[in-house]
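> Pasting the sequence and the predicted model now:
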Amino acid sequence: MEAVITVFAVLFVLLVVLGTYATVKAVTAAKRSVDRTIAQGRRTVEDHTLRAKSLTRPGPAGEIAQLRLALRTSMRATQDALHAGPAEDASLKESLGLFERLSVHGRELDVVLKHLESEPDRATLTARLPELRTRTERITASADSLRWAARDRASRFAADDLDALSSQIDIEAGALRHWTDATARATAPWPEAPAGTDEAAARRQTWPGEPEAQAITPPAARPAYPWQKKPRPESTA
């Protein structure tokens, strides 16, 4: 009786532990999903704000917003393109490493541009714009290069896979056409029996398209020669 109680107690503890683990995993996944949704919404709002500033603010302030919007758009598109590729691709892993290093420079520039958005001194903004424009163009050009290289690589892999698939389909189609005659022959109906019920008529039954077997010619009588002995009659005794 004590053993049964112990077993039930152990099972109860295991169920409690598993339930707690499942609850924690579910809460963590839900929190991660909520955080991702909030971050995505925040990025969307900030991008719309930057687009509005670039259109409504004349002069250096509007160009600062435009530079920041171009930087964020290029870096986010490149990140999505690199992460969309196969994880086992060694070349893509190296590209991801390069992008992470490029992202460090991109984040630093984004912080600088964000601080300059509220800069009231137009002369300072005008003086710093050429250097900021150059840094933005260099970072976005590198990001665009990585993004288009990843897309070209994915397109090449897709084309190679399509070529291999087309070759396999052609081979399979040829095999199906090769066995068409044999399949038709195997599924042909049994031929009708010829008229007559004797054994000779049954032997004349053939498949459609098959030549009728010729009757076997009975063996001819062997010629008798004068030097041969006459066969003795069998004794009936």
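Sure thing, it's come through.
> Leaving aside the residues adjacent along the chain, what's closest to Ala150?
Using CB to CB, 6 or more residues apart in numbering and skipping the chain neighbours, the partner closest in space to Ala150 is Ala81 (4.8 Å). C-beta coordinates here come from the backbone N, C-alpha and C atoms, glycine included.
> wait, what's in contact with that neighbour?
Going by CB atoms under 8 Å, 6 or more residues apart in numbering, Ala81 touches Leu146, Arg147, Ala150, Arg151.
> try Ala9
Contacts for Ala9 were tallied using CB under 8 Å, 6+ apart; there are none.
> confidence score at it?
Ala9 carries a pLDDT score of 77 in this model.
> Gly174 versus that one, what's the distance?
68 Å (CB to CB, to the nearest Å).
> Please pick the buried ones from the contacts of Ala81.
Buried by 16 or more other CB atoms under 10 Å: Leu146, Arg147, Ala150, out of the contacts of Ala81.
> what about the second one, distance to Ala81?
Distance from Arg147 to Ala81, counting by CB to CB: 5 Å.
> mind listing the helices in this protein by residue range?
Assignment of helices within the chain using DSSP state H yields the ranges 2-56, 60-83, 90-117, 122-178, 180-186, 199-203.
> highest average neighbour count across those?
helix 60-83 (a mean of 19; mean count of other CB atoms under 10 Å).
> That one vs helix 122-178, what angle?
30 degrees (axes from the mean of the first three to the mean of the last three CA atoms, to 10 degrees).
> what does stretch 62-76 contact?
Applying CB under 8 Å, 6+ apart, the contact partners of stretch 62-76 are 43, 47, 50-51, 53-57, 102-103, 106, 109-110, 113-114, 116-117, 125, 129, 132-133, 136, 139-140, 143-144, 147.
> ugh, wrong one, I meant stretch 154-171
Ala84, Gly85.
> rerun that using 10 Å as the cut-off
Contact with stretch 154-171 is made by Ala81, Ala84, Gly85, Pro86, Asp89, Leu92, as judged by CB atoms under 10 Å, 6 or more residues apart in numbering.
> Please apply the same query to stretch 117-125.
49-50, 53, 57, 59-65, 68, 116, 127-128, 132.
> Pull up the distance across it, start to finish.
End-to-end span of stretch 117-125 (CA to CA, to the nearest Å): 9 Å.
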